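Chemist: Give me a 3D structure for the following:
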Amino acid sequence: MSKALVIYNARLLDENCDSPGCILVVEGKIRAVFQGYFTDAGTTRALAESVLKEDGSDEGAKIEMFDAQGLTVTPAFIDMHVHFRDPGLTQKEDLNSGLHAAIAGGYGTVVCMPNTSPVVSSYEAAMDVRRRAAAIGLANVFQSVSITENFEGKSVEHLKYLVKEDVPLITEDGHEVASSALMLEGMKAAAEKNIIVSCHCEDPDLAAAARPHRQHALSIMEKWHLPAWGGSASDSDDIPPEVIQEIDESITKANELLQMAEDICTERNIQIARQAGCHVHMCHVSTVGAIEAIRRAKEELSDEAADFYTGMADAAYEASRDNVEFSPVPAVEHGFSVTCEVTPHHIALTGTEEPDIRAFVNPPLRSEEDRLFIIDAIRDGTVDCIATDHAPHTLEDKAKGAPGFTGIETSYGVCNTVLVKEGQISARRLSQLMSSNPARILGLNKGLLKTGYDADLTVVNPDEQWTVDSKLFCSKGKATPFEGKKLYGRVKAVFINGRNVFQK
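Modeler: The predicted structure follows:
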């Protein structure tokens, strides 16, 4: 006997829909979506039974009813950028804690980065992570593979063994491929398999030049017990102004170099991808210069596509007059495309002001000008998706300056608060950024409330206010710049393939 789930008394929300309604799920797939006020369990069950009877194959299915109580049902979020630290760094996070954190944050699919110990540099290693994650039975996991073998920057031979359906994305996240020639070779290998190349755009030499300035600031911060994830002094109330000034000046020098590093490498990677004919995806974009470079590349692609289709129509007309066969050849470079992600912390926080100037992450938190420019790029469609760059550390490592924050459990609340509640974008656009667009980029049958799509669904209360308390995180990582902040938007339940795996 097949199993069916009916979610009723709901607000249905995806990129195309914002309406009251109900959803019928059968064997992990969305069978039907109905808009309207379906608040009565009996009436809604009868509707579901009639649909199953009409279909025939599922008549008599065991039906489970879930009352959403007027809350919002949306496609489960998809995160293209997480660090679950497994294998080898499981004191920071492991698959079990990471997946419980993902579900608590409303995520149904995540892409894990390969900067583990050892580095995930083979198809076999990636599949081992996927198998172990599947056995836990929570969110879906894709494990990315490094662009160069073992991050050594010498060989990309291992890429020829990858299978796109299992490994849709490769990346050197955490640092950049220094050699442009080797990056070109890696991008060409990815293009042959239609695999995404996700770029941590940071010029290695400029990053190295920034490191001493960061280390100097961190040495002073450690002395004065200043945390490296933002916030005020924990043990010292009276820090001399000249000490704060010295710290901030060192951080500012480092961040200026790292801004240049991102801008330069974004341009470089776009040009290499164009030559290679691959899909390049820019990680955690954070500067005006990087956004402008991505926008220019997208506009050029749009112009070339428009020219191609105009030329195709003209050529087809001429061919029809001469009664000859018409075979168009695209003017746009084969396979070249550009997408990008931004993070909740770059959307919400300003890295030139107290206390977040001392919240260490790569790329750094930027200026208010950069932050507002990112929001503009979200509004105008330049930004394709929001990814958390969830980067848990032990508090000891974080105090020493390990870059990155725990973020997958606060992501929806931060984005809903800063973008939707403040009137920057609609709730439908946020769903597009967190669900349907990353699904499209990864080629998944997810991200929409639509018949035939996977029933990965998240129930949220967008109006519920809550206070971030890292002690309650499922993640092992407790360092967050949002500690103590009030956010709007709480995840209340998650269904994976129609199975309820989380309920608050």
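
Chemist: Please write out the alpha-carbon positions of stretch 187-205 in PDB.
Modeler: As requested, C-alpha coordinates have been extracted for stretch 187-205 and formatted as PDB (Å, rounded to 0.1, in the frame of the first residue of the first chain):
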ATOM      1  CA  MET A 187      37.600  24.200 -16.000                       C
ATOM      2  CA  LYS A 188      37.900  22.500 -19.400                       C
ATOM      3  CA  ALA A 189      37.700  19.100 -17.700                       C
ATOM      4  CA  ALA A 190      34.600  20.300 -15.800                       C
ATOM      5  CA  ALA A 191      33.100  21.600 -19.000                       C
ATOM      6  CA  GLU A 192      33.400  18.200 -20.700                       C
ATOM      7  CA  LYS A 193      31.200  16.700 -18.000                       C
ATOM      8  CA  ASN A 194      29.000  19.800 -17.500                       C
ATOM      9  CA  ILE A 195      30.200  20.100 -13.900                       C
ATOM     10  CA  ILE A 196      30.000  23.400 -12.100                       C
ATOM     11  CA  VAL A 197      33.300  25.100 -11.100                       C
ATOM     12  CA  SER A 198      32.700  27.000  -7.800                       C
ATOM     13  CA  CYS A 199      35.300  29.600  -7.200                       C
ATOM     14  CA  HIS A 200      36.700  31.000  -4.000                       C
ATOM     15  CA  CYS A 201      37.900  34.200  -5.700                       C
ATOM     16  CA  GLU A 202      40.900  35.400  -3.800                       C
ATOM     17  CA  ASP A 203      44.300  36.200  -5.200                       C
ATOM     18  CA  PRO A 204      46.800  34.000  -3.200                       C
ATOM     19  CA  ASP A 205      49.600  36.600  -3.100                       C
END
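
Chemist: All further residue positions should be reported with the first residue as 133.
Modeler: Got it, first residue is 133 now, which makes that one stretch 319-337.

Chemist: Show me what counts as buried in that stretch.
Modeler: Taking 16 or more other CB atoms under 10 Å as the neighbour-count basis, stretch 319-337 is seen to contain the buried residues 319-323, 325, 327-335. (C-beta placed from N, C-alpha, C; glycine too.)

Chemist: Where do the strands of the stretch 233-382 of the chain begin and end?
Modeler: With DSSP state E, counting those that start in this stretch applied, the stretch 233-382 of the chain shows strands at 239-244, 272-275, 301-303, 328-331, listed in chain order.

Chemist: In a markdown table, list the ones you listed along with mean pLDDT and distance to residue 206.
Modeler: As requested, these are arranged in a markdown table below (pLDDT from 0 to 100; distance: least, CB to CB, whole Å):
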| stretch | mean pLDDT | distance to residue 206 |
| --- | --- | --- |
| strand 239-244 | 98 | 10 |
| strand 272-275 | 98 | 17 |
| strand 301-303 | 98 | 24 |
| strand 328-331 | 98 | 24 |
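
Chemist: Dump the ones you listed to TSV, plus distance to residue 543.
Modeler: As requested, the strands of the stretch 233-382 of the chain are arranged in TSV below (distance: least, CB to CB, whole Å):
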stretch	distance to residue 543
strand 239-244	8
strand 272-275	17
strand 301-303	19
strand 328-331	18
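
Chemist: Among the ones you listed, which comes closest to residue 576?
Modeler: Shortest separation from residue 576 across these is recorded for strand 239-244, at 6.7 Å, computed as CB to CB.

Chemist: May I see the buried residues of the closest one?
Modeler: Buried-residue list, strand 239-244, by 16+ other CB under 10 Å: 239, 240, 241, 242, 243, 244.

Chemist: for stretch 485-503, same thing?
Modeler: Using 16+ other CB under 10 Å, the residues of stretch 485-503 that count as buried are 488-499, 502-503.

Chemist: ok, so of these, who is nearest residue 249?
Modeler: Minimum distance to residue 249 across those is 18.0 Å, recorded for residue 494 (CB to CB).

Chemist: can you pull the pLDDT of residue 368?
Modeler: According to the model's per-residue confidence, residue 368 sits at a pLDDT of 51.

Chemist: how much space between the residue lying closest to residue 557 once chain neighbours are set aside and residue 196?
Modeler: On the basis of CB to CB, 6 or more residues apart in numbering, the spatially nearest residue to residue 557 that is not a chain neighbour turns out to be residue 551, at 5.0 Å. When CB to CB, to the nearest Å is applied, the distance between residue 551 and residue 196 equals 34 Å.

Chemist: before we move on, what about residue 321?
Modeler: 46 Å.

Chemist: Could you do residue 589 as well?
Modeler: Distance from residue 589 to residue 196, counting by CB to CB: 13 Å.
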